[in-house]
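Asker: Next come a sequence and a model predicted from it.
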Amino acid sequence: MLLDEAKVKLLNASGTEDGLLAHIHDSYIQEIRTEEKVLTDALSELHNSGEIDLVKIVGCVDKSSRGHDFFTILHAFESVLPSLDASVENVLDCLVHLTQQAGRDLAIGGIYGAFENYCRVNAHRPRDSVNFILAQSELVAYAPFLCGSILAFDSDSVTEAIQTIESLLAIENEIVRSQAYFTLGRLTIDELQIDVVWRLLSSNARTECESACCASILRSTLQFGEAFPSYWSQIEELLNTFVEGASPEVLYAISDIVAFQRVDLPESIQHLLVKQLANVSPDHKGIIDNIDHLLVKLVEKEASPLALELLESILTVGVGLPLLDYFSSELLSKHRELLNHIITKWFLSDESSLCHNVLNLLHDVTGKDIELKADMSLLDDEVKKVFVSHKAVGWLFSRPIEAASFILSIYETASPTTCKAIEQALYSPLLLSYPGELKQFFNSAIDECIQEHLCKRLLEKLQGYHSDIEKVSGLKELMAPSENISAYWKEFNKDMQVAYEEASKTSILRQMVTTQTLLYGNSSIYYVHQGNGDRVQQEMQMHSFSHSTEMPRLNVLDPESLGYMLRIYRYGSMKK
């Protein structure tokens, strides 16, 4: 499409504001799919000639009425803004309206860069913008555009830009100061101005009290260090006191920087910042989400010791592994060696909270069981091998395949005495409780020649155990009276019904679907309401589905002894 043709179509659509905005939306979408790019030039020429007032029209857009079209129009306006002849006042009023309409949506971020480019076009615009913003009574809405205004100062006016920032730092309004700090680390400066900027950052870091301002100082200081690496030693000295006991706002800034921003931090400073995240509260969901991504990033960068140090620190203060779902998923799917190291290390510790998190880590794993292996580099004596084997039984009792595979990996290097203890733990309580799952698992191990003799002995002992039970199963003296059995199952069913009703109250399914009670039959009748108000009867046939899981048999046969044994295994300490 030619430029003149695009202008004619825009003018034809400009009879109403809605018509023009709809045409801008359609044209922008069309240009994304083609190589023709004339919309920006057409809008610019029509606005600058006075045929349309694009700033005024866009400044009245209502997101609630335009829906998803709002952001398409916003992006089209971003591309044309730098080329528009419009007063700073009108442009800022328009942009503030757009940001208020967008709310917290991150898609609004491009508007700040577009405004900075708009200010660069004319030397007086940056100054006019700063003055206009400071004169507003609603500084909260206008202050975010201070950064773009100051960064737009030309290269010959950097000293003036620094002086402008210095004057903003003297203002009591914390939002203005925060923007000034944020801008200070992003200025393009020469060698003569480096010391001036560093002096402003370091001196204010020692005196600033507002959390949001401190977070901006931190970001700018690290940006400054990346631009001028010779200052890293001074920055580290400053950060040692600056981030100590940091507020949640500063902790969020730290977590965001180390997790997502591409600032090439020295290892010592990265370690210093990561250590501060150990003070996170379980209530700070945003910080924890960033830490979740940071842990994955550290592992991928082969900084697993630092990742593990951070992980253990936040778990100790009450952050649960379920909140670190991204890291947990990556650990289970891609980093099995690290997973084995973590589980072995945590079982060796006396921290029951860490051991419990092993179970949390594996709790939501569905489908195929995970076969674990102990990190033998941590098990340098026989006492430790027995100790972690018992820990695996205690904490992974409900995950018998994981527990058995972990213990089998220890058996092959154990002494004869240790092997006996390990074999006993595999047999009782694991194999006796889960004869179905573990019999299949041990048979697979035999087929793969993994601890073949041990697995055969265990299965032979299980067979002998079942044979002994069959011999006495018919003795009337060992059978409970039928009325006792009936009373037990009646009480059991009652308890299960109460548990079901309690669980249903908080079930998310109750919020998504309606329930029906079927008194008889194998189908359900429901009605579909049509647009004309009629109801059409529909019938849905019932289908059966089932899910089974093996219940631990010792929990029925001897629950007291089993519970006591598992508590000993879980909470017992290693002999010093």
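Answerer: Received, thanks.
Asker: In the stretch 451-576 of the chain, where is pLDDT below threshold?
Answerer: For the stretch 451-576 of the chain, the stretches with pLDDT under 70 are 508-513, 516-520, 531, 545, 547, 575-576.
Asker: Skipping adjacent residues, who's closest to Tyr569 in space?
Answerer: Closest residue to Tyr569 apart from its sequence neighbours, by Cβ to Cβ, 6 or more residues apart in numbering: Gly394 at 3.1 Å. Where C-beta positions appear, they are placed from N, C-alpha and C, glycine not excepted.
Asker: number of nearby residues for the one you found?
Answerer: Neighbour count for Gly394, taken as other Cβ atoms under 10 Å: 22.
Asker: Kindly indicate whether the residue most central in space within the chain is helix, strand or coil.
Answerer: Nearest residue to the geometric centre of the chain (Cα atoms, centre = their mean): Asp289, 3.7 Å. Of the three states, Asp289 takes helix under DSSP: H, G, I helix; E, B strand; the rest coil.
Asker: Just the pLDDT at it, thanks.
Answerer: As predicted, Asp289 sits at a pLDDT of 96.
Asker: How much space separates it from Asp62?
Answerer: Applying Cβ to Cβ, to the nearest Å, the value for Asp289 to Asp62 is 32 Å.
Asker: follow-up on the earlier one: the residue nearest to Tyr569 and Gln424, how far apart?
Answerer: Using Cβ to Cβ, we find Gly394 at a distance of 14 Å from Gln424.
Asker: Run through who's touching the helix or strand hosting the residue nearest to Tyr569.
Answerer: If you go by DSSP states H and E, Gly394 is part of helix 382-395. Contact with helix 382-395 is made by 344, 347-348, 355-356, 358-359, 374, 378-379, 402-403, 406-407, 410, 413-415, 417-418, 421-422, 425, 429-430, 566-572, 574-575, as judged by Cβ atoms under 8 Å, 6 or more residues apart in numbering.
Asker: Likewise for stretch 52-63?
Answerer: So stretch 52-63 is in contact with 10-11, 14, 17, 20-21, 43, 46-47, 70, 73, 77, 80, 84, 86, 90-91, 93-94, 97-98, 101-102, going by Cβ under 8 Å, 6+ apart.
Asker: Any idea how far apart the tips of that stretch sit?
Answerer: Length of stretch 52-63, first residue to last, Cα to Cα, to the nearest Å: 21 Å.
Asker: can you check stretch 221-240 too?
Answerer: End-to-end for stretch 221-240, by Cα to Cα: 13 Å.
Asker: Sort out which residues of that stretch are buried, please.
Answerer: Using 16 or more other Cβ atoms under 10 Å as the burial criterion, the residues of stretch 221-240 that qualify are 221-226, 228, 231-232, 235, 238-239.
Asker: mind putting those in TSV, pLDDT, secondary structure and distance to Cys449 included?
Answerer: Converted to TSV, those look like this (pLDDT from 0 to 100; DSSP: H, G, I helix; E, B strand; the rest coil; distance: Cβ to Cβ, whole Å):
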residue	pLDDT	secondary structure	distance to Cys449
Thr221	96	helix	60
Leu222	95	helix	55
Gln223	94	helix	58
Phe224	95	helix	61
Gly225	95	helix	57
Glu226	93	helix	55
Phe228	94	coil	61
Tyr231	95	helix	61
Trp232	96	helix	55
Ile235	96	helix	58
Leu238	96	helix	61
Leu239	95	helix	56
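Asker: For Cys147, state which of the residues you listed is nearest.
Answerer: Gln223 (12.2 Å; Cβ to Cβ).
Asker: what's the burial count for the closest residue to the closest one other than its chain neighbours?
Answerer: Of all residues not flanking Gln223 in the chain, Gly185 sits nearest, at 3.7 Å (Cβ to Cβ, 6+ apart). Using other Cβ under 10 Å, Gly185 has 20 neighbouring residues.
Asker: Same question for His75.
Answerer: 16.
Asker: What separation is there between it and Ser377?
Answerer: 54 Å.
Asker: Check whether Ser281 sits in a helix, strand or coil.
Answerer: coil.
Asker: pLDDT score assigned to it?
Answerer: Reported pLDDT for Ser281: 91.
Asker: From Val319, how far out is it?
Answerer: 8 Å.
Asker: repeat for Ser211
Answerer: Counting by Cβ to Cβ - Ser211 and Val319 are separated by 21 Å.
Asker: So for the two, which sits in the more crowded spot?
Answerer: Val319 (23 against 18).
Asker: Over to the more buried one. Which of the three states is it?
Answerer: Val319 ends up coil, using three-state DSSP.
Asker: Pull the contacting residues for it.
Answerer: Neighbours of Val319 in contact, by Cβ under 8 Å, 6+ apart: 280, 282, 288.
Asker: and the helix holding Gly394, which residues are buried?
Answerer: 384-395.
Asker: Then stretch 420-433?
Answerer: Buried, per 16+ other Cβ under 10 Å, within stretch 420-433: 421-423, 425-433.
Asker: One more: stretch 294-313?
Answerer: 294-296, 298-299, 303-304, 306-308, 310-313.
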